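*Asks:* give me the fold of what follows.
(chains A and B)
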Protein chains: 2
Amino acid sequence: MTDVSPLAPAGFPDLPPIAGLRLATHAAGIRYAARADLFLAEMAEGTTVAGTFTKSLCPSAPVDWCRRILAEGDGTARAVVCNSGNANAFTGKAGETAAALTAELIAGELGVDPVRVYLASTGVIGETLPEEALRSGLPALADSLDNANAETWSDAAGAIRTTDTFSKAASTRIPGTAAHIVGIAKGSGMIAPDMATMLGFVFTDLGVAPDVLQVALSASVATSFNRITVDSDTSTSDTVLLFATGEQIDDEISSTDDERFVDFQTALDDVLLDLAHQIVRDGEGATKFVEVAVSGAATDEAAEIIAFAIGNSPLVKTALAAEDANWGRIVMAVGKAGQAADRDNLSIWIGPEQVAEHGVQFHDYSEDRATAHLQEDEVKIAVDVGVGTGAASIWTCDLTHGYIDINAGYRS
Amino acid sequence: MTDVSPLAPAGFPDLPPIAGLRLATHAAGIRYAARADLFLAEMAEGTTVAGTFTKSLCPSAPVDWCRRILAEGDGTARAVVCNSGNANAFTGKAGETAAALTAELIAGELGVDPVRVYLASTGVIGETLPEEALRSGLPALADSLDNANAETWSDAAGAIRTTDTFSKAASTRIPGTAAHIVGIAKGSGMIAPDMATMLGFVFTDLGVAPDVLQVALSASVATSFNRITVDSDTSTSDTVLLFATGEQIDDEISSTDDERFVDFQTALDDVLLDLAHQIVRDGEGATKFVEVAVSGAATDEAAEIIAFAIGNSPLVKTALAAEDANWGRIVMAVGKAGQAADRDNLSIWIGPEQVAEHGVQFHDYSEDRATAHLQEDEVKIAVDVGVGTGAASIWTCDLTHGYIDINAGYRS
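*Replies:* Numbering: from 1, shown residues only, chains lettered A, B, ... in the order given. Sure, this is the predicted structure:
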């Protein structure tokens, strides 16, 4: 169960520094022994912030905290703290108190206002965060701050892991600037649309006004983290935070009409999609990385719903695990999605192989060729539902004995 | 994989005859070797009919056929034919032709109108029904008709099975009459609300007008077959048909205001809920029969949605398989359901053991006692979401290695 996913990237990427950013990790013993379970990023004064959060109606205390300071604040942030091993969710008043204490302790160490300290927690639900571990661990965490560099990035991406089998990070340079975007993320199970159990912390040394930063983040999340599914479950804690220090630009991007905005948005899309794909590649028990592309739907939203019906279907996912071209299960999933589809004008492809056309098996379909595609690590299913021009892709993985092994024994 | 489910009833029930009903089965070799794969019931003239069908937008040819003859007919039926091994779904024009041929061949044998012959097919999707097997098998099927009795009922329940590990039937006598209700059903995977992959054929020798019969059937299905889930998938073929021969009553029930209607509805509810529970007990790989009872929701519909969010969650279902009182996963599922719930007024029980109250762990919660309940074959999870008076129960099973074994290798 601690084996690295067979779909993992070859190695952890070499990440650039971000000007105005320092990182720290610390082993506070919140749940795990002998590994870092606290992560801190400190950002330069004037750093702007944007965030997206779980749509769960039972959100964790840190999610409540972040939503509040984001809504009530001036759009700037000075730090983000994350612990792994305990989600601080469904912990009532004690959870609120622990969240506030975390922000206050870090704020005290850094000499900043607690409402500029963002929080995230991931791990088991329903247990109170141990106050003593916070009181001793958080000052030690702050003491170990160091510039963002290859080593501190790697430590940070490791500290936020729970059942992840590899650390996740991605970066890119923003064209025409000296600025970069770097993101780290965690997540491997309880992944579904609307933010699932995943955390993402993304940093840029470009300068972007808070409202513009939020527009960019929301758009990127919609087509990356919100387009992946491992098991259709959605966590209480999902959080993506984006911070812009502004240290690598003279004047910030203050409007989406700014000609530099498109390059920023594109770069952000690339980093978030890369991170989202890595989470699917670490799907619990996954042996296949699967793209489901739906076209011909009434709208893009309808295409997304149909794609998720396919990507979340246990029968489709077990057939993928078996490398079985049982395309009847794809028809079943299209049928149950509840979105307009013309059964008699449906086309299906498994990889490059056309399986069905006009609602019946394609005249030249070869199950051998379809099976050969399914034997690859990376699989694509495409469906045209024959009613319009709406299209969407989502990414998922197969459902294997490994998923059962991990989840029928595990406590985060 | 052919082992009988550990949750199966002790044996096949002893079923009474239904006056005006004859049954037949035959081994036509449609897909399976050396077992009956055709089922026929012939009903007396004047038999009334009601039906409910899959909500899949890619329904099978037999579903299209039944919907049409039910809508266009006079509410009477003379026969129902079912084959197992091939769903006749996603088969285009050839599927329509095969359905019509089946009805015509049986109608010819019985000397009735084809539009009084109902159809159902279950099995693999996307393959054309073999015409030769129909042309040779259906006359032989009709030739073997015999009165409904313990043996023919047992044969009938066997002939409609696909991956079922046991035959499913239930019966009851309608109080104050000599009439009975008998139902047979099949289904073990691809089971989800809105009729899933299941077939049910229910017969009574009471007399009930077609519109009243439909009201009764729709009501019973809503709280039985539509309240169960095995894997959240929905098939293209689900069909429940109810036939009333009227042979054990002088005057039919022609209004829901008839004082005899309540007893009929109650008896029908009992038979359908019994059949629905048997389908869950045969859930692919199931080792636990699980009731999820939600109360305190805004409406009954909201309670049902929340209950299904819990009952379909792979994380909840794997925790049940592991007998792990990981109630954080229940909170997660409530949170993702998208229905009003008050996180800080949520209560949870595992069996008789209260786990959570007012959004935090219950003061007297014992994980040992909760675990002891989860070690039983029959498990109950209850959740009060604290916002209203809506309530609903659904039934589901756990998610085990057995499910993966069956579905990562199986072709119906």
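*Asks:* ok, the residue of the stretch 1-150 of chain A found nearest chain B to residue A:218 distance?
*Replies:* Residue of the stretch 1-150 of chain A nearest chain B, by CB to the nearest CB: residue A:125 (2.7 Å). (Each C-beta comes from the backbone N, C-alpha and C, glycine too.) As judged by CB to CB, to the nearest Å, residue A:125 and residue A:218 stand 26 Å apart.
*Asks:* looking at these two, which is more packed in?
*Replies:* Between residue A:125 and residue A:218, residue A:125 has the larger neighbour count (other CB atoms under 10 Å in any protein chain shown), namely 25 against 15.
*Asks:* assess the claim that the residue of the stretch 1-150 of chain A closest to chain B and residue A:87 are in contact.
*Replies:* Yes - Residue A:125 lies in contact with residue A:87 (CB atoms under 8 Å); the separation is 5.1 Å.
*Asks:* please report the distance of residue A:273 from residue A:220.
*Replies:* For residue A:273 relative to residue A:220 (CB to CB), the value is 8 Å.
*Asks:* those two: which is more packed in?
*Replies:* A count of neighbours by other CB under 10 Å puts residue A:220 above the other of residue A:273 and residue A:220, at 25 against 18.
*Asks:* nearest residue to the residue of the stretch 251-400 of chain A found nearest chain B in space, please, no chain neighbours.
*Replies:* Distances between the stretch 251-400 of chain A and chain B by CB to the nearest CB are smallest at residue A:328, namely 2.7 Å. Distance criterion CB to CB, 6 or more residues apart in numbering or on different chains; nearest residue to residue A:328, sequence neighbours excluded, is residue B:125 at 2.7 Å.
*Asks:* with residue A:153 instead?
*Replies:* Nearest residue to residue A:153, sequence neighbours excluded (CB to CB, 6+ apart): residue A:15, at 4.2 Å.
*Asks:* please report phi then psi for the nearest residue to residue A:155 once chain neighbours are set aside.
*Replies:* Spatial nearest neighbour of residue A:155, excluding adjacent residues (CB to CB, 6+ apart): residue A:25 at 4.5 Å. When read as degrees, to the nearest 10, the backbone of residue A:25 gives phi -140, psi 160.
*Asks:* what about residue A:25, how many residues nearby?
*Replies:* Counted with other CB under 10 Å, the neighbours of residue A:25 add up to 24.
*Asks:* contacts only, for the residue of the stretch 1-150 of chain A closest to chain B.
*Replies:* Going by CB atoms under 8 Å, 6 or more residues apart in numbering or on different chains, residue A:125 touches A:60, A:87, A:89-90, A:236, A:412, B:327-329, B:331-332.
*Asks:* point out where the stretch 301-412 of chain A drops to low pLDDT.
*Replies:* Counting by pLDDT under 70, the ranges of the stretch 301-412 of chain A that qualify are A:409-412.
*Asks:* so which residues of it form strands?
*Replies:* With DSSP state E, counting those that start in this stretch as the criterion, the stretch 301-412 of chain A has strands at A:347-350, A:353-357, A:360-361, A:378-384, A:390-397.
*Asks:* and these, which is most packed in?
*Replies:* Comparing the strands of the stretch 301-412 of chain A by mean neighbour count (mean count of other CB atoms under 10 Å in any protein chain shown), strand A:390-397 comes out on top with a mean of 24.
*Asks:* anything in the longest helix anywhere in chain A near chain B?
*Replies:* Under DSSP state H, the helix in chain A containing the largest number of residues is helix A:261-281. No - using CB under 8 Å from any CB of the partner chain, helix A:261-281 never reaches chain B; the gap is at least 15.3 Å.
*Asks:* next, the angle from that helix to strand A:378-384.
*Replies:* Counting by axes from the mean of the first three to the mean of the last three CA atoms, to 10 degrees, helix A:261-281 lies at 110 degrees to strand A:378-384.
*Asks:* and helix A:261-281, what does it pack against?
*Replies:* strand A:168-173, strand A:180-186, strand A:199-204, helix A:210-222, strand A:289-297, strand A:390-397 (3 or more CB pairs under 8 Å, 6 or more residues apart in numbering or on different chains; DSSP states H and E).
*Asks:* in it, what's buried?
*Replies:* Across helix A:261-281, burial judged by 16 or more other CB atoms under 10 Å in any protein chain shown covers A:261, A:263-265, A:267-281.
*Asks:* run the angle between that helix and strand A:199-204 for me.
*Replies:* On the basis of the same axes, to 10 degrees, helix A:261-281 is oriented at 150 degrees to strand A:199-204.
*Asks:* helix A:261-281: how far from the chain's middle?
*Replies:* Relative to its chain's centre, helix A:261-281 lies at 10 Å (CA atoms, centre = their mean, to the nearest Å).
*Asks:* can you show me the CA trace of it as CSV?
*Replies:* This file holds the C-alpha atoms of helix A:261-281, laid out as CSV (Å, rounded to 0.1, in the frame of the first residue of the first chain):
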residue,chain,number,x,y,z
PHE,A,261,-3.7,38.4,-18.6
VAL,A,262,-4.1,35.8,-21.3
ASP,A,263,-0.6,34.5,-20.8
PHE,A,264,-1.1,34.4,-17.1
GLN,A,265,-4.4,32.5,-17.4
THR,A,266,-2.9,30.0,-19.9
ALA,A,267,0.1,29.4,-17.6
LEU,A,268,-2.2,28.9,-14.6
ASP,A,269,-4.4,26.5,-16.6
ASP,A,270,-1.3,24.5,-17.5
VAL,A,271,-0.1,24.2,-13.9
LEU,A,272,-3.5,23.3,-12.4
LEU,A,273,-4.3,20.7,-15.1
ASP,A,274,-0.9,19.1,-14.6
LEU,A,275,-1.6,18.9,-10.8
ALA,A,276,-5.1,17.6,-11.4
HIS,A,277,-3.8,14.9,-13.7
GLN,A,278,-1.2,13.9,-11.1
ILE,A,279,-4.0,13.4,-8.5
VAL,A,280,-5.8,11.1,-10.9
ARG,A,281,-2.5,9.3,-11.5
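*Asks:* perfect, I'm done here.
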